[in-house]
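Q: Sharing a model that was predicted from the sequence below.
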Amino acid sequence: MKEWFDRIGLLLNNKAFPEAKEYLSAMEPVDIAEGMEDLSSSQMVLYFRLLPKDLAIEVFELMRWDEQQRLIEHVTDREVREIIEDMSDDDRTVLLDELPAKTVKKLLQQLSPDERQLANRLLNYPEDSAGRVMTPEFIDLKKGMTAEEAVARIRSVARKKETIYTCFVIDEARHLQGVVELEDLIMAGSKTEVESIMDDQPVYVTTTTDQEGVARVMSRYDLHTIPVTDKENRLVGIVTFDDVLDILEDEATEDFERMAGIQPVDDSYLEVNLFTMARKRFLWLVICIVTEAFTSSVLKYYSPTIQTVVALTYFIPLLIGTGGNAGTQASTLMIRGMTVGDITRKDIGRIILRETASGLLLGCALAVLGFARALMLDTGLDVAVVLTLAIVSVVLMGNLAGAMLPLIARALKLDPAIMSGPFITTIVDVFGLIVYFEIARRILGS
């Protein structure tokens, strides 16, 4: 790709604009969008103006929103109007959702009345809902149409629609009646009515369905397009598989960040302001310091035991690390299960039994290694026994904490991903040390 851009740059320097346009137009839109990120603003505008209009819109839709904003700031109002007017509705909604309010207001004023009304309607749906990511550009048919009439309608409106492979059957009031595939229409006899070949029990979501829920439904039923209805079952839009891929990427990134104790970051790593990145990470680090103060209090409380048997301190890092890792593993499995819909609140009983059994199995296996390590350090049989029991207890505790805390978060309508990483590790650290020293006090008699 870099070689292509270097060649185009050389042609532009030599004023060979037709040849540069030909080279640029032959590239894939996604490669053009990525390559333009490395250009200066003036170069970006020049390259963009070389593109045919349809290709220019497609490239713009594939650019990062911050690059889109940079381009908008350096082109004429007429060019901005053409770009925003011709963008697909769902991509335009994403762009307007990211831009500053002042910029959004300016862009909306440049849209035609119909497009402005549509953009405002999509922006008024709840954030992260199906209404925000859907597009109203779908092909609608009537039940009484013949296959021949349906194909003719598809052919007449196809260029303006998001997809032609799935069509939606509605009545006069736009209520969703069914779904029919283009393949079925083509294979059917020309006089066959749409009603006889459509699926009259279509899978659909509503405008307020969470976007993660949309992705789960589409994955469950293996759909590449899903209809979106309002509360009165009127068809208002569709969500396509390319939108779902973006949703899954965004949600997975957000979950990873929360599980690592980072507030979600919208921009790419290198684009984020240093102070913004520090602020996003600072909150959980402060929480960890505050909660780890309990660990210090535990150690101070049990200082007589530690002074009596100094060898107990050898294994504090081992217990802390083992318990925290066990909890993080369990919470990761739980969060993944809840995300894909495999785990619900009715499964709590089975989850407790499974994690208890898993904790005992893993704890016993790790306890053997801990016992051997204690003997190698010549701490004595009694300390080795204490360590063995503590490992089993801490792993079991980590498993149960990791499994239950995400469920508790979901019940409190919080993101389960926050109940992972630093949070669970800190909890298991504190209670793991208490268990360790209580076992030591009873066995060692100190």
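A: Thanks, I have it. Residues are numbered from 1 along each chain as shown.
Q: Show me which positions of the helix or strand harbouring M404 end up buried.
A: In the assignment (DSSP states H and E), M404 maps to helix 381-411. Judged by neighbour count using 16 or more other CB atoms under 10 Å, the buried positions of helix 381-411 are 383-407, 409-410. From N, CA and C alone the C-beta is placed, and that goes for glycine too.
Q: helices or strands next to that helix in the packing?
A: Judged by 3 or more CB pairs under 8 Å, 6 or more residues apart in numbering; DSSP states H and E, helix 381-411 is in contact with helix 316-339, helix 348-376, helix 422-444.
Q: JSON lines for these, including mean pLDDT, distance to H224 and mean neighbour count?
A: Output for these, formatted as JSON lines (pLDDT from 0 to 100; distance: least, CB to CB, whole Å; neighbours: other CB atoms under 10 Å):
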{"stretch": "helix 316-339", "mean pLDDT": "84", "distance to H224": "21", "mean neighbour count": "21"}
{"stretch": "helix 348-376", "mean pLDDT": "92", "distance to H224": "33", "mean neighbour count": "16"}
{"stretch": "helix 422-444", "mean pLDDT": "86", "distance to H224": "38", "mean neighbour count": "21"}
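Q: okay, the ones you listed in TSV with distance to Q109 next?
A: Formatted as TSV, the helices and strands packed on helix 381-411 follow (distance: least, CB to CB, whole Å):
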stretch	distance to Q109
helix 316-339	40
helix 348-376	53
helix 422-444	45
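Q: which one of these lies closest to T208?
A: Of all the helices and strands packed on helix 381-411, helix 316-339 sits nearest to T208, with 19.3 Å by CB to CB.
Q: any idea how far the helix holding M404 is from the chain center?
A: In terms of CA atoms, centre = their mean, to the nearest Å, the centre of helix 381-411 is set 30 Å apart from its chain centre.
Q: Next up, the contacts around E61.
A: Applying CB atoms under 8 Å, 6 or more residues apart in numbering, we find E61 in contact with M87, S88, D91.
Q: and if you look at V430?
A: T291, F294, T295, V298.
Q: Show the subsequent helix or strand relative to the host helix or strand of the first one.
A: The one in question is T291. Following DSSP H and E, one finds T291 within helix 274-301. Sequence order places helix 303-308 as the next helix or strand after helix 274-301, per DSSP H and E.
Q: got the buried residues for that next one?
A: Buried, per 16+ other CB under 10 Å, within helix 303-308: T305, I306.
Q: Equivalent analysis for stretch 24-35, please.
A: For stretch 24-35, a neighbour-count test (16+ other CB under 10 Å) marks L24, M27, P29, I32, A33, E34, G35 as buried.
Q: Save the residues you listed as JSON lines, and put in pLDDT, distance to D230 and secondary structure too.
A: Formatted as JSON lines, these follow (pLDDT from 0 to 100; distance: CB to CB, whole Å; DSSP: H, G, I helix; E, B strand; the rest coil):
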{"residue": "L24", "pLDDT": "81", "distance to D230": "42", "secondary structure": "helix"}
{"residue": "M27", "pLDDT": "85", "distance to D230": "41", "secondary structure": "coil"}
{"residue": "P29", "pLDDT": "86", "distance to D230": "33", "secondary structure": "helix"}
{"residue": "I32", "pLDDT": "85", "distance to D230": "37", "secondary structure": "helix"}
{"residue": "A33", "pLDDT": "86", "distance to D230": "34", "secondary structure": "helix"}
{"residue": "E34", "pLDDT": "85", "distance to D230": "37", "secondary structure": "helix"}
{"residue": "G35", "pLDDT": "83", "distance to D230": "41", "secondary structure": "helix"}
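Q: I'd like to know which of those is nearest to F423.
A: Closest approach to F423 among the buried residues of stretch 24-35 (CB to CB): E34, at 36.7 Å.
Q: wait, V133 sits on V239?
A: Yes: using CB atoms under 8 Å, V133 is in contact with V239, at 5.8 Å.
Q: Overlap in contacts, these two.
A: With CB under 8 Å, 6+ apart, V133 and V239 have common neighbours D90, V214.
Q: I'd like the distance from the residue positioned nearest the centre of the chain to E212, if you could.
A: Per CA atoms, centre = their mean, the C-alpha nearest to the average position across the chain is that of E251, at 1.1 Å. E251 is 6 Å from E212, where distance means CB to CB, to the nearest Å.
Q: okay, and for this protein, where does confidence drop off?
A: Low-confidence segments of the chain (pLDDT under 70): 1-2, 255-272, 340, 417-421, 446.
Q: How is it divided into domains?
A: 2-127, 140-240, 269-444 (automatic domain parsing).
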